[in-house]
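Visitor: I need the structure of the sequence given here:
(3 chains)
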Amino acid sequence: MADLKTLVVGRKDAVDLDVEQELPHELMTVNMGPSHPAMHGTVRIVLTVDGERIVKGDVQPGYLHRCFEKESEYATYTQVFPYTDRLNYVSPMINNVGWAMTIEKLLGITKQLPRRAEYVRVIVSEVSRITDHLTCVGASAMELGAFTPFLYFLKCREWLYTLLEEVSGARLTHSYVRVGGVSKDLPVGWTDKLLARLDEITAVMVEVEAMLNQNKIFRDRMAGIGALDREACIKWGQTGPIARAAGLDYDVRKDYPYSVYPELEFDVPVGTTGDCLDRYLVRIEEIKQSMRILRQAVAQLPDGPVMIDDPRVALPPKTDAYNTIESMIRHFKHIVDGIRVPAGETYAFVEGGNGELGFYVVADGTGRPYKAYVRSPSFVHLSTASTIIKDHLIADVVPIFGMINMIGGECDK
Amino acid sequence: MSKKVLDALKAKFGDAIEATDDQHGDETAFVKRDKLREIATWLRDDKAMAFDAPVFATCVDLLDWRPVSIPHTPSTNTRPEYDGAGPRFEVCWQLRSTTHRHRIRIKVRVTEADPKVASLTPLWIGFDWQERETFDMYGIRFDGHPDLRRIYLYDEFVGYPLRKDYPKEKRQPLVRRPDLVGDH
Amino acid sequence: MLELVTSKLEDAANWGRKFSLFSYPFVTACCGMEFMSVAAPKYDIARFGAEFPRFSPRQSDLLMIVGTITEKQGPALRRVWEQMAEPKWVIAFGVCASTGGFYQNYHAMPGADQVVPVDVYIPGCPPRPEQVLDALILLQDRIQRKDGHSQLRLKREKIVMRERAALED
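Guide: The predicted structure follows:
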């Protein structure tokens, strides 16, 4: 304290100002609290900083722990679909599809789903993946000061939300997929609207890429920041755009293909350095690849039913349920007891917006899961955050956090 | 899909593998608790196994495990009904190999009185937070974990909520409005 | 006569307040996506004067609690609310912030009004942006009518001070 006094009060003479003095420095604890402007999720980062440089970071999630697993144990298998929507709430269809695939694996009906149902699932999943990447890139750009790409991407996202609302009835939390197919067929003329919108989104993406890709400020803030190399990615269990940006060529759609992905042609973008700029570029490229998948899927979309014809799993058609007693009882038992899944356990996984999203379900023969564990990619990715932000500036936490794309609902389940 | 992994495990470790299971395309190996670290290290380092990527770590609480059979439907379940005598928790880890593209699930059975198991975080750093979550939700203590503390819940929380005997709606509030009337 | 002047001044002040709300978006969950949509060009909240989020509670007067509040988050929310200067208003955005939604478990708080007094509740999971704009208009009416919780509290305080001063005379 005495030193500080000399520093402040003692420098009265002009000659003192020429003398360089060693300022007292000690490590400071700064809290980036659970409520902060980065609108990705609510997480608390306790930073120990030396000036602006981070010495140690302690990331504390759990501020959005909404007990998905405990709620699932008390809900029937179909009632869990709304809970899965709210896991990765920017790409809800993919979570729905993942849960449906796990239950179908337990029931053993994976190969018996109607082709149209599989194609519709792929179409809505890819639309959800595009909304996920648009939100991630838009919000990250806004946090770095680029407000215009955010508004442009939100405009595109609104178009996609309107399309998904026509399909499922809700803009954000759809609960559209069911065990054995999807709940409703696509509306008439929807695929044409989708293709028209994809062209418009391509035009907007050209504008945004022109604004960001060669922008010196953007590149300076993103390049070389938060790099994680390929070996570290494997050890930390990273998947999705973060792993691909580091050079790890792992995409569940290509390596463990599911649904109708083997019949669709697309590329998997892989980066080199694993820093924030590569993650951004990988996401932009993935949007383009998703649009490619969508165009092919719409062209190959077959006719037919969208729900499996199996009374153990599907609800009866409404005309039957109102007119015959057997169908009414079947409907009643499905809603009240749930789909009865034979006892066993399995782990099924899909390529979520953030990486390998998996569900480990233990079934006990009743209509409610005994245990439903979500392997959430955001949780695994956020665990690397404490290591990545070391030796960066406080301002670098913003692009790192943005490009990790930690979705609070998925991370904290 | 990865049956040869199970065969190799049984061939190398024999007795330490208590049981193996193969349902719906997932291979599982039940491992004796004191041999866990050794087996996991072999799974990571052996060239034919090369399990280098962690997938998930969790636990199953068997307290209410009374499976019901569905008429005319076969089930793949091999676990008997829980009678209160045997181990209550099954701690699971799932591993993946980037080069050979096979997967395996390792399980260790622990009792309620002694819920301790060796941590696999020193081998795969990706299990760090997942083991903390399992500790937070089920109370399993991982020996050798660098920083075992609660991750989702706050430190003042008493109990382990995902255990079957914790009621779903039992809240432990940290703060309430001073003028709030009634019990919430 | 003096009261007429002060009440007209008060009305003018409330008119100014309601059309220039500085919001603090306490965003936690999925409703945050709809909050982004409300602020976006299609369902523009800027036409109501409330588009500028101030990311400091000391500079804002509208606390929008967007998304589920959990028990772990409770102390943080209470502190943010206490740091705001009066008059302040609170909107509970979404059914999780209003009553807990369909999360009735050991960690999700059954409504943000367990820790802060709420002026307008917006149901919906998540609410459509039109619902949010409707709620904003409801809040603006409440502000004009001097009916928000903190405005009523200030009024009560004024009455209590006046009675106390009258007793001491």
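Visitor: Spatially nearest residue to the single nearest residue of chain A relative to chain B, not counting backbone neighbours?
Guide: Across chain A, no residue is closer to chain B than residue A:237, which sits at 3.1 Å (CB to the nearest CB). (Glycine included, C-beta is placed from N, CA and C.) Leaving aside its sequence neighbours, residue A:237 sits nearest to residue B:126 (CB to CB, 6 or more residues apart in numbering or on different chains; 3.1 Å).
Visitor: who's in contact with the residue of chain A closest to chain B?
Guide: Residue A:237 makes contact with A:380, B:53-55, B:124, B:126-127 under the criterion CB atoms under 8 Å, 6 or more residues apart in numbering or on different chains.
Visitor: Go again with 10 Å.
Guide: Contact criterion CB atoms under 10 Å, 6 or more residues apart in numbering or on different chains gives A:243, A:355-356, A:375, A:377, A:379-381, A:383-384, B:52-57, B:95-96, B:124-130 as the residues in contact with residue A:237.
Visitor: how close does it get to residue B:120?
Guide: In this structure, residue A:237 and residue B:120 are separated by 12 Å, where distance is defined by CB to CB, to the nearest Å.
Visitor: Check residue C:159 too.
Guide: According to CB to CB, residue C:159 stands 66 Å off from residue B:120.
Visitor: returning to that earlier point: among the contacts of residue A:237, which lie within helices?
Guide: A:243, A:377, A:379-381, B:128-130 (DSSP state H).
Visitor: filter the residues you listed down to the ones near chain C?
Guide: Checked against chain C using CB under 10 Å from any CB of the partner chain, those yield no neighbours at all.
Visitor: Serialize these to TSV and add fields for pLDDT and neighbour count.
Guide: As requested, the ones in helices among the contacts of residue A:237 are arranged in TSV below (pLDDT from 0 to 100; neighbours: other CB atoms under 10 Å in any protein chain shown):
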residue	pLDDT	neighbour count
A:243	92	30
A:377	93	30
A:379	92	24
A:380	91	27
A:381	91	28
B:128	91	28
B:129	92	26
B:130	92	26
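Visitor: and which of these is nearest residue C:123?
Guide: Proximity to residue C:123 was ranked across these by CB to CB; first place goes to residue A:379, at 29.8 Å.
Visitor: shouldn't that closest one be in contact with residue B:58?
Guide: No: using CB atoms under 10 Å, residue A:379 is not in contact with residue B:58; the gap is 11.6 Å.
Visitor: phi, psi of residue 24?
Guide: All of this is about chain A. Main-chain torsions, residue A:24, degrees, to the nearest 10: phi -70, psi 130.
Visitor: swap in the one 10 residues further on?
Guide: Here the main-chain torsion angles of residue A:34 (degrees, to the nearest 10) amount to phi -60, psi -20.
Visitor: thought it was touching residue A:42?
Guide: Yes: using CB under 10 Å, residue A:34 and residue A:42 qualify as a contacting pair, with a distance of 4.8 Å.
Visitor: can you list residues touching both of those two?
Guide: Common neighbours of residue A:34 and residue A:42 (CB under 10 Å, 6+ apart) are A:61-64, A:408, C:26, C:28, C:70, C:72-73, C:76.
Visitor: What segments of chain B are helices?
Guide: Listed in chain order, the helices of chain B (DSSP H) span residues B:3-13, B:36-45, B:128-138.
Visitor: Out of these, which is closest to residue A:287?
Guide: For these, distance to residue A:287 was read as CB to CB. The smallest value, 29.0 Å, belongs to helix B:128-138.
Visitor: Touching both of residue A:379 and residue B:58, which residues are there?
Guide: With contacts taken as CB under 10 Å, 6+ apart, the residues that reach both residue A:379 and residue B:58 are B:130, B:133.
Visitor: could you pull out the helices for chain C?
Guide: Under DSSP H, chain C gives helices at C:2-18, C:31-39, C:74-83, C:95-98, C:129-144, C:149-168.
Visitor: Pull up the per-residue confidence for residue 71.
Guide: Here I'm looking at chain A. According to the model's per-residue confidence, residue A:71 sits at a pLDDT of 92.
Visitor: looking at chain B here, not the other one
Guide: Per-residue confidence (pLDDT) for residue B:71: 86.
Visitor: Select from the shared contacts of residue A:34 and residue A:42 every entry located in strands.
Guide: Applying DSSP state E to those, the entries found in strands are residue C:26.
Visitor: So which of the shared contacts of residue A:34 and residue A:42 reach chain B?
Guide: The subset of the shared contacts of residue A:34 and residue A:42 lying close to chain B, counting by CB under 10 Å from any CB, consists of A:61-64, C:70, C:72-73, C:76.
Visitor: can I get these in JSON lines with neighbour count and pLDDT?
Guide: Listed next are those as JSON lines, based on neighbours: other CB atoms under 10 Å in any protein chain shown; pLDDT from 0 to 100:
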{"residue": "A:61", "neighbour count": "27", "pLDDT": "90"}
{"residue": "A:62", "neighbour count": "24", "pLDDT": "89"}
{"residue": "A:63", "neighbour count": "28", "pLDDT": "91"}
{"residue": "A:64", "neighbour count": "30", "pLDDT": "91"}
{"residue": "C:70", "neighbour count": "30", "pLDDT": "92"}
{"residue": "C:72", "neighbour count": "27", "pLDDT": "91"}
{"residue": "C:73", "neighbour count": "30", "pLDDT": "89"}
{"residue": "C:76", "neighbour count": "20", "pLDDT": "91"}
